[in-house]
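Asks: Compute the structure for the input listed below.
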Amino acid sequence: MSDRGHVFIVSGPSGSGKSTVLGVVFKNRPDIYFSVSATTRSPRPGETDGVEYMFITEDKFNEMVEKDLFLEHARYAKCSYGTPREPVEERLRAGTDVIMDIEVQGARQVKERMPEAISVFIAPPSLDELERRLRGRSTESEDKIKLRLETAKKELLEAESYDHVVVNDDYMRAAGELLDIINNA
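Replies: As a prediction, the model looks like this:
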């Protein structure tokens, strides 16, 4: 058995409940490292720089891309997102498992670079439920909600390319399913 940690890619449409499911996972497995992505989007209420995301400027993001400092990076809903390479590699070398909460474009890039990564798609039970969740946040404009829903339709078509699909119709059940995948890796 290798001393190197495992990489778990978790993706799904905005509003699918990834953060809620992952919150339960981390309460049960605090030993897993959460890879904090960098983004050019503005923080939502309650988000803290360096916790949910590293909030950086577009110029800083582009500089990191040029220096190949990301494992993956992509544009999503008119903002840039990326996974800084070194913190992930450092944890893996130390034998720590890593979870990346990234969108489908980034997931493909990570799978190309790290084919051993285990990918899990968190799906909403329906598009209607996804829309209800997005509207329930009350954090985004109507235009942003429509853009996220259009993006979600495209992302749902990618689910079959993942190693596992977890339908989040009940977040505790979905978290249990994700924990089973992690614990059996």
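Asks: Every contact and neighbour count from this point should use C-alpha atoms.
Replies: OK.
Asks: List the buried residues in stretch 164-177.
Replies: 164-168, 171, 174-177 (16 or more other CA atoms under 10 Å).
Asks: Who are the packing partners of the helix or strand bottoming out on mean pLDDT in the chain?
Replies: When each helix and strand of the chain is scored by mean pLDDT, DSSP states H and E, helix 127-137 comes last, with a mean of 87. Counting by 3 or more CA pairs under 8 Å, 6 or more residues apart in numbering; DSSP states H and E, the packing neighbours recorded for helix 127-137 are helix 142-156.
Asks: Pull the distance from the helix it packs on to the chain's centre.
Replies: Centroid separation for helix 142-156 versus its chain: 16 Å, with CA atoms, centre = their mean, to the nearest Å.
Asks: low pLDDT regions in this structure?
Replies: In the predicted model of the chain, residues 1-2 satisfy pLDDT under 70.
Asks: what about 80?
Replies: Along the chain, the model assigns pLDDT under 80 to residues 1-2, 76-77, 138-140.
Asks: re earlier: relative to Arg133, which of the buried residues of stretch 164-177 is nearest.
Replies: Of all these, Arg133 sits closest to Asn168, with 11.9 Å by CA to CA.
Asks: In contact with the closest one, which residues are there?
Replies: Contact analysis of Asn168 by CA atoms under 8 Å, 6 or more residues apart in numbering lists 16-17, 122-125, 174.
Asks: Show me the strands in this structure, by range?
Replies: When secondary structure is read from DSSP state E, the chain shows strands at 7-11, 33-35, 37-39, 53-55, 70-76, 79-84, 98-101, 118-123, 164-167.
Asks: Give me the buried positions along stretch 134-141.
Replies: Buried residues in stretch 134-141, counting neighbours by 16+ other CA under 10 Å, are found at Leu134.
Asks: Now the residue positioned nearest the centre of the chain: closest residue in space that isn't a chain neighbour?
Replies: With distances taken as CA atoms, centre = their mean, the residue of the chain nearest its centroid is Asp101 (1.7 Å). Excluding the flanking residues, the one nearest Asp101 by CA to CA, 6 or more residues apart in numbering is Val10, at 4.8 Å.
Asks: One more: Ser14?
Replies: With sequence-adjacent residues excluded and distances taken as CA to CA, 6+ apart, Ser14 is closest to Arg148, at 6.6 Å.
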